[in-house]
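A.B. asks: here are the coordinates; sequence isn't available:
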Ligand SMILES: Nc1nc2c(ncn2[C@@H]2O[C@H](COP(=O)(O)OP(=O)(O)OP(=O)(O)O)[C@@H](O)[C@H]2O)c(=O)[nH]1
Ligand SMILES: [Mg+2]
């Protein structure tokens, strides 16, 4: 595998970018150095997560969003858009069928767009282990917007909430019992709620059920700034401690028809409004700080475990294990013997 | 690179509207442990080369039932080369007359499969094409 030049990635060489993503995805040894070289040039992209149950229309929506973002406003150049589409890896074969691009045909031929499919490779939270590292590479390559479509696991996907600045939760009618399908926890992670397939019967019911849940949650919590992901936690804020507490963001709900592009304008406007909100309330910074802290902790944990494994006396481990089996040791005593 | 997976793009260039065969192959390769990107019907050579580049695939499989393989295959290979993907391995599946096969192989296609090909053969050939030394 040829070495990838970080400068080429930053200058927009798409082949270099693609090769870099492969190195990162495969945990290739050279990917560590590469990520370190790219990291200083990150931190500006707006990360947008799109999550929701299988078949709700996430990919169709992502196609529309990217298309709309690419419509240049007068005077400003159109933002560059990257898409990471995560699909599940089969736990039995290790293979994966990555089909999200089927819905993104409209985006072909636009050099301001880069789409990469990603298999989850055993990770469970709706993303792959290296999705955050993909974001680093794409951010450094100058993409202004990075849209991340999660695995449609159908439950609240916490990983995306900690990675993305703006999380869009997509619901649709006709996926079993509508109320049941709207899983608890979704309101916690949603910055924007979307009811897709408005052209289908039952969309009204889905929207109504969602609105009731939303109003209950907002009524109960009053201002959401007091808790959850939108909280303003001065301990973790990087700037001065005299920042005013953030105004609460009340997640808006949009009813759309992604296949026809209906309702996308208003949705795009709210995505922009959310980014502005994060910046003006300093939550952008805070979210970044929380994420980097978590990433660093995970890195330390992984490294320590790896180091411990490398230094482990396998024979001693087996003998302790056998003593454990015979109840000569408790697990705690086994641990104390080994470490 | 211990975590390397084989990545395959299964694409349908041209205008025919049947993708059952393409989907069967895609599933079989997934079941053989590969990561398979499927892009749907009616892909132009440009679209296929672009997807191959963005996905950094090792293999491109072209499913062609329309009879237009003599035009489509060289066009796809051309676009792949233009985008710097000259190392990618290409196979073709579909309804291809015997007499056209030597031409396709001369273009750099490593295998041509007719209807009823055992999907395990397709998977085994991919391993062979990517790692000719290990068997
Ligand atoms: N009627 C209708 N169908 C839609 C709409 N949006 C998407 N679909 C259809 O719903 C199906 C699933 O759409 P996708 O965009 O692939 O859904 P997804 O959530 O990305 O699916 P997974 O990635 O498999 O979880 C496709 O057949 C779409 O054409 C819509 O607005 N109306
Ligand atoms: Mg999808």
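C.D. replies: Yes, it's here. No experiment lies behind these values; they were computed from the predicted model shown. Numbers count the residues shown, from 1 in each chain, chains lettered A, B, ... in the order given. Ligands and ions are numbered 1, 2, ... in the order given.
A.B. asks: contacts, neighbours, all on C-alpha from now
C.D. replies: Noted.
A.B. asks: tell me which element residue B:18 is part of?
C.D. replies: Using DSSP states H and E, no element contains residue B:18; it sits outside every helix and strand.
A.B. asks: and it, what does it touch?
C.D. replies: By CA atoms under 8 Å, 6 or more residues apart in numbering or on different chains, the residues touching residue B:18 are B:41, B:65.
A.B. asks: and if you look at residue A:16?
C.D. replies: Under the contact definition (CA under 8 Å, 6+ apart), the residues listed for residue A:16 are A:4, A:5, A:8, A:9.
A.B. asks: the last one belongs to a helix?
C.D. replies: Yes: looking at residue A:9 with DSSP: H, G, I helix; E, B strand; the rest coil, it is inside a helix.
A.B. asks: against chain B, how distant is it?
C.D. replies: Separation of residue A:9 from chain B (CA to the nearest CA, to the nearest Å): 13 Å.
A.B. asks: from the contacts of residue A:16, pick the one nearest ligand 1.
C.D. replies: Distance ranking of these against ligand 1, using CA to the nearest ligand atom, places residue A:9 first at 28.2 Å.
A.B. asks: if we can go back for a sec, right, and out of the contacts of residue A:16, which lies closest to ligand 2?
C.D. replies: Ligand 2 lies nearest to residue A:9 out of the contacts of residue A:16, by CA to the ion, at 26.9 Å.
A.B. asks: name the element residue 122 belongs to?
C.D. replies: As the question left the chain open, I've gone with chain A. Using DSSP H and E, no helix or strand contains residue A:122.
A.B. asks: please go with chain B instead
C.D. replies: Here residue B:122 is assigned to helix B:119-130, by DSSP H and E.
A.B. asks: in terms of secondary structure, what does that helix contact?
C.D. replies: Here helix B:119-130 touches helix B:20-31, going by 3 or more CA pairs under 8 Å, 6 or more residues apart in numbering or on different chains; DSSP states H and E.
A.B. asks: so after the helix it packs on, what's the next helix or strand?
C.D. replies: Under the assignment DSSP H and E, the closest C-terminal helix or strand after helix B:20-31 is strand B:35-38.
A.B. asks: so what touches that following strand?
C.D. replies: Taking contacts as CA under 8 Å, 6+ apart, the residues outside strand B:35-38 that touch it are A:95-99, A:101-102, A:117, A:119, B:5-11, B:26, B:29-30.
A.B. asks: mind redoing it with 10 Å?
C.D. replies: With contact meaning CA atoms under 10 Å, 6 or more residues apart in numbering or on different chains, strand B:35-38 is reached by A:89-90, A:94-102, A:116-119, A:121, B:5-12, B:22-23, B:25-30, B:51-52, B:55, B:57, B:59-61.
A.B. asks: quick check: mean pLDDT across the helix holding residue B:122?
C.D. replies: Helix B:119-130 carries an average pLDDT of 96.
A.B. asks: which helix runs longest in the chain?
C.D. replies: Chain wasn't specified; assuming chain A. Ranked by number of residues, the top helix in chain A under DSSP state H is helix A:283-311.
A.B. asks: sorry, should have said chain B
C.D. replies: Of all segments of type helix in chain B, defined using DSSP H, the longest is helix B:69-82.
A.B. asks: residues near the residue in the stretch 101-250 of chain A positioned nearest to chain B, how many?
C.D. replies: Using CA to the nearest CA, residue A:102 is the residue of the stretch 101-250 of chain A that sits closest to chain B, at 4.5 Å. Neighbour count of residue A:102, defined by other CA atoms under 10 Å in any protein chain shown: 16.
A.B. asks: ok, now residue B:63?
C.D. replies: Neighbours of residue B:63 (other CA under 10 Å): 28.
A.B. asks: and the helix or strand harbouring it, what does it pack against?
C.D. replies: Secondary structure assigned from DSSP H and E places residue B:63 in strand B:59-64. Contact partners of strand B:59-64 among helices and strands, from 3 or more CA pairs under 10 Å, 6 or more residues apart in numbering or on different chains; DSSP states H and E: strand B:7-11, helix B:20-31, strand B:35-38, helix B:45-55, helix B:69-82, strand B:89-94, strand B:111-113, helix B:119-130.
A.B. asks: angle of the last one against helix B:20-31?
C.D. replies: Taking axes from the mean of the first three to the mean of the last three CA atoms, to 10 degrees, one finds that helix B:119-130 is oriented at 60 degrees with respect to helix B:20-31.
A.B. asks: show me how far helix B:119-130 is from its chain's centre.
C.D. replies: 11 Å (CA atoms, centre = their mean, to the nearest Å).
A.B. asks: just the angle for it relative to strand B:59-64, thanks.
C.D. replies: Put simply, helix B:119-130 runs at 140 degrees to strand B:59-64, going by the same axes, to 10 degrees.
A.B. asks: residues in contact with helix B:119-130?
C.D. replies: Residues from elsewhere that reach helix B:119-130 (CA under 10 Å, 6+ apart): B:6, B:8, B:24-34, B:58-59, B:61, B:87-91, B:93, B:110-113, B:131-132, B:134-135.
A.B. asks: what do you get if the cut-off is 7 Å, keeping everything else the same?
C.D. replies: B:25, B:28, B:29, B:32 (CA atoms under 7 Å, 6 or more residues apart in numbering or on different chains).
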